[in-house]
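Enquirer: sequence plus predicted model, see below.
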Amino acid sequence: MQFVSHYNSPLGLITLSADHEGLTGLWLPGQPGEALLEAEQKQAEGGDSSNPVLGQAKDWLNAYFAGEKPEVNVSLHLVGTPFQQVIWQYLLGIPYGSTVTYGALARRYAAEHHKARMAAQAVGGAVGRNPLSIIVPCHRVVAKDGALTGYAGGIEKKAWLLEHEGFLKKSAGS
């Protein structure tokens with residue numbers, strides 16, 4: 001059974017989904033994808049009062065948006081290919097307020113899995129399929145020149161998250 005709830009954030013209304021194993025999705029407002037639509041359609045199946053993981057996720061988000069560096073103490077149920085699972089675990093290891101390049105993640109994967117090389121584009125594909133934005137911090141992955149690229153929630157939200165974490169300086173209009 002899938003449970004769905006919403007969270008009011010500085011970025012807008014976030015949609016959360018969970019099952020009995022853990023948090024399965026976190027979608028930012030305006031984020032494209034069928035997963036969000038499916039989650040919305042399943043909302044009638046239960047809310048956060050029926051699933052404690054949704055409450056844990058909201059507590060984590062409260063701490064994060066308050067400027068704290070919360071530990072991932074939310075049960076996560078990440079569903080993906082073995083390659084995606086490895087990349088998502090790498091993302092969980094990127095420190096708050098830091099970034100890493102797609103290329104660096106690709107080199108790490110290649111070294112740890114005894115491969116001659118791994119394409120940064122393959123890593124980008126796995127990062128882009130991360131179902132738990134913010135908590136699994138795909139916003140901390142940047143291009144080799146440091147440019148902000150490829151964020152399902154939109155580049156503006158990626159920039160906001162990195163500013164919030166102190167990595168980017170706030171722009172004059174922020």
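Expert: The structure has been received and is ready for your questions.
Enquirer: and the residue nearest the centre of the chain?
Expert: Ser133 (1.9 Å; C-alpha atoms, centre = their mean).
Enquirer: got a list of what it touches?
Expert: 26-28, 31, 139, 152-153 (C-beta atoms under 8 Å, 6 or more residues apart in numbering). (Glycine included, C-beta is placed from N, CA and C.)
Enquirer: how about those, which pair is most distant?
Expert: Trp27 and His139 (13.6 Å; C-beta to C-beta).
Enquirer: what's the overlap in contacts for the two?
Expert: 133, 153.
Enquirer: which one of the two has more residues nearby?
Expert: His139 (28 against 24; other C-beta atoms under 10 Å).
Enquirer: contacts only, for the more buried one.
Expert: Contacts of His139 (C-beta under 8 Å, 6+ apart): 133, 151, 153, 157-158, 161-162.
Enquirer: what is the burial count for Tyr102?
Expert: 23.
Enquirer: the nearest residue to it once chain neighbours are set aside and Gln56, how far apart?
Expert: Using C-beta to C-beta, 6 or more residues apart in numbering and skipping the chain neighbours, the partner closest in space to Tyr102 is Ala120 (4.0 Å). Relative to Gln56, Ala120 is positioned 33 Å away (C-beta to C-beta, to the nearest Å).
Enquirer: ok so, going back, ok, and the most crowded of the contacts of Ser133?
Expert: His139 (28 neighbours).
Enquirer: longest helix in the chain, please.
Expert: helix 52-65 (DSSP state H).
Enquirer: mind giving me the packing neighbours of it?
Expert: Applying 3 or more C-beta pairs under 8 Å, 6 or more residues apart in numbering; DSSP states H and E, one finds that helix 52-65 contacts strand 3-9, strand 12-18, strand 23-27.
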